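Peer 1: please find the sequence and the predicted model below.
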Amino acid sequence: MQTEQISGKRQIKHVAIAGNIGAGKTTLSELLARRFGWDVHYESTDNNPYLADFYMEMKRWSFNLQVFFLSSRYQQVLQIQAGNRTVIQDRTIYEDAHIFAPNLADMGLMERRDFDNYLTLFDCMVSQINAPDLLIYLRASIPTLVEHIQSRGRDYEGSISLDYLKRLNERYDEWIAGYKHGRLLVINVDNLDFQNNPEDFAKVLEMVQAELHGLF
């Protein structure tokens, strides 16, 4: 039964998954979409014109990359809000502004004036959209992230450093600790293989269903 079609209960339109690079966002998005009959909005990586260049020369391409992601996710949210389907989104617009952009600025990989310009644009965008009905945060340790990144074998991710992942993880934990926009589910994925182990996916599914039930 699709959650958005349950009679007499309000429609859940937007579920989003947050997490560091390699946490399992796309995999879980697809599994939950199949289970509930949802649509999936993916992070724009394959058609991203800046991603490969960014990993080779971060300071040169950081602002371009972040603006592309911000624009892409803003358009996704507008489509979700205007549609009549339940959508699960692979990464949120908040992660751009609270995790990736400030991390690049603090590392000296984005000019401060570019970062300030970026934040002004972000604030304008989020003032016009609603937060997800449910945010699912996949918390993963560095070894888990590295294992996942290596297993998928994307060439442009080969240059990601452990320090970069560590900095992102610290920002994620700080952001999640103060998240007040809506309902939140935190899942520690270090000891879960929901892609290959049906029992692990069943555990995750049970947690998600409990949160969805609380939204009605």
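Peer 2: Thanks, I have the structure now.

Peer 1: residues in contact with stretch 183-198?
Peer 2: 19, 23-24, 27-28, 31, 133-141, 144, 176, 200-201, 203-204, 207-208, 211, 214-215 (Cβ atoms under 8 Å, 6 or more residues apart in numbering). No exception for glycine: its C-beta is placed from N, CA and C like everyone else's.

Peer 1: quick check: mean pLDDT of it?
Peer 2: Across stretch 183-198, the average pLDDT comes to 94.

Peer 1: cool, stretch 51-58 as well?
Peer 2: 88.

Peer 1: picking up where we left off before, filter the contacts of stretch 183-198 down to the buried ones.
Peer 2: 19, 23-24, 27-28, 31, 133-140, 144, 176, 201, 204, 208, 211 (16 or more other Cβ atoms under 10 Å).

Peer 1: return the subset of these lying in helices.
Peer 2: Among these, the ones falling in helices (DSSP state H) are 27-28, 31, 144, 176, 201, 204, 208, 211.

Peer 1: show me what counts as buried in stretch 66-85.
Peer 2: 66-70, 72-74, 76-77, 80.

Peer 1: equivalent analysis for stretch 108-115, please.
Peer 2: 109-110, 114-115.

Peer 1: helices and strands around the one helix or strand residue 67 maps to, which ones?
Peer 2: Under the criterion of DSSP states H and E, residue 67 resides in helix 58-82. Applying 3 or more Cβ pairs under 8 Å, 6 or more residues apart in numbering; DSSP states H and E, we find helix 58-82 packed against strand 14-19, strand 39-41, helix 51-56, strand 87-90, helix 93-95, helix 101-106, helix 112-126.

Peer 1: hey, which of these is tucked in deepest?
Peer 2: strand 14-19 (a mean of 26; mean count of other Cβ atoms under 10 Å).

Peer 1: list the neighbouring strands of that one plus their orientation.
Peer 2: Strands that pair with strand 14-19, judged by DSSP bridges, come out as strand 87-90 (parallel), strand 134-139 (parallel).

Peer 1: other residues contacting the first one?
Peer 2: Going back to what we said before, that points to strand 87-90. 13-17, 25-26, 29, 32-33, 38-43, 73, 76-77, 79-80, 132.

Peer 1: just the CA trace of it, in PDB.
Peer 2: The C-alpha trace of strand 87-90 is given here as PDB (Å, rounded to 0.1, in the frame of the first residue of the first chain):
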ATOM      1  CA  VAL A  87       9.000  11.500  -3.500                       C
ATOM      2  CA  ILE A  88      12.100  10.400  -1.700                       C
ATOM      3  CA  GLN A  89      15.100  12.700  -2.300                       C
ATOM      4  CA  ASP A  90      18.700  11.500  -2.300                       C
END
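
Peer 1: so what's residue 112 up against?
Peer 2: residue 105.

Peer 1: ok, so what distance separates the residue nearest to residue 121 when sequence neighbours are not counted from residue 186?
Peer 2: Of all residues not flanking residue 121 in the chain, residue 70 sits nearest, at 6.7 Å (Cβ to Cβ, 6 or more residues apart in numbering). Separation of residue 70 from residue 186 (Cβ to Cβ, to the nearest Å): 24 Å.

Peer 1: one more: residue 61?
Peer 2: From residue 61 to residue 186 the distance is 32 Å (Cβ to Cβ).
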